[in-house]
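Student: Pasting the sequence and the predicted coordinates here, then a few questions.
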Amino acid sequence: MKFECEECGEVQSCVIDGYSVGDRLLEGVEFHVEIKDGKLKVSTPMPHDIEYMKDLNEKRWHKAIIEAVMDEADDCKCPKCGEYIEIDSGVERKAVAPPKKIEVKRAQDILHDFGIRGIDPDG
Ligand SMILES: [Zn+2]
C-alpha cells in the first residue's frame, strides 16, 4: 500500500473529503488516512471535525473511508501540496476477461460450411 504524489513522491498519508463516502452528511470533513505498519489508520485532526464526528458513528465512517482508499478512490489528496494522488493498494485487481471474440461469418462461408457453393453472380 502506498500513496504516490506526482509532486512530492511517496507520502505516508492522504486526505480525503468525507463527501466521498458520506455525501452531504460528511461534506467538508477532512479525513486523514495514514499508513501505519501496513495498515490504514483514519483520523479527523481538525478540531471542528472531531467535534462533529462525535455525533456520528465514527467507526463506521472510518471503515468506509478505508474501504474507499483500498478501492483506490481517486479523490485522495496529498497532505503536503494538496494535489490528487495515486493510490497503489498493492492488491492485484482481478483481471477482467476480455470479451469473447465473436467470429462473424460471411453468408458465403456459411453456405460453404454446409457444402453449398455460393451463387456465382456471373452465372
Ligand atoms: Zn504532494
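Tutor: Right, received. Where do you want to start? Residues are numbered from 1 along each chain as shown.
Student: name the element the residue nearest in space to the middle of the chain belongs to?
Tutor: With distances taken as CA atoms, centre = their mean, residue 72 lies nearest the centre of the chain, 3.7 Å away. In the assignment (DSSP states H and E), residue 72 maps to no helix and no strand.
Student: Can you tell me the closest non-neighbouring residue to it?
Tutor: Spatially, and ignoring its direct neighbours in sequence, residue 72 is nearest to residue 87 (4.6 Å; CB to CB, 6 or more residues apart in numbering). Yep, even glycine has a C-beta here, placed from its N, CA and C like the rest.
Student: re the thing from before, where's the residue nearest to the centre of the chain relative to residue 14, distance?
Tutor: As judged by CB to CB, to the nearest Å, residue 72 and residue 14 stand 11 Å apart.
Student: and for the two, which residues touch both?
Tutor: Common neighbours of residue 72 and residue 14 (criterion: CB atoms under 8 Å, 6 or more residues apart in numbering): residue 87.
Student: for residue 14, which residues make a bridge with it?
Tutor: residue 33 (DSSP bridges).
Student: on that earlier part again, the residue nearest to residue 72 sits in which helix or strand?
Tutor: Per DSSP H and E: strand 86-88 holds residue 87.
Student: Contacts for that strand, please.
Tutor: Applying CB under 8 Å, 6+ apart, the contact partners of strand 86-88 are 1, 2, 3, 4, 5, 6, 14, 69, 72, 73, 74, 76.
Student: Note down every partner strand of whichever helix or strand the third one is part of and its orientation.
Tutor: Secondary structure assigned from DSSP H and E places residue 3 in strand 2-5. When pairs are called by DSSP bridges, strand 2-5 turns out to pair with strand 9-11 (antiparallel), strand 86-88 (antiparallel).
Student: Before I go, just wanted to say thanks for your time.
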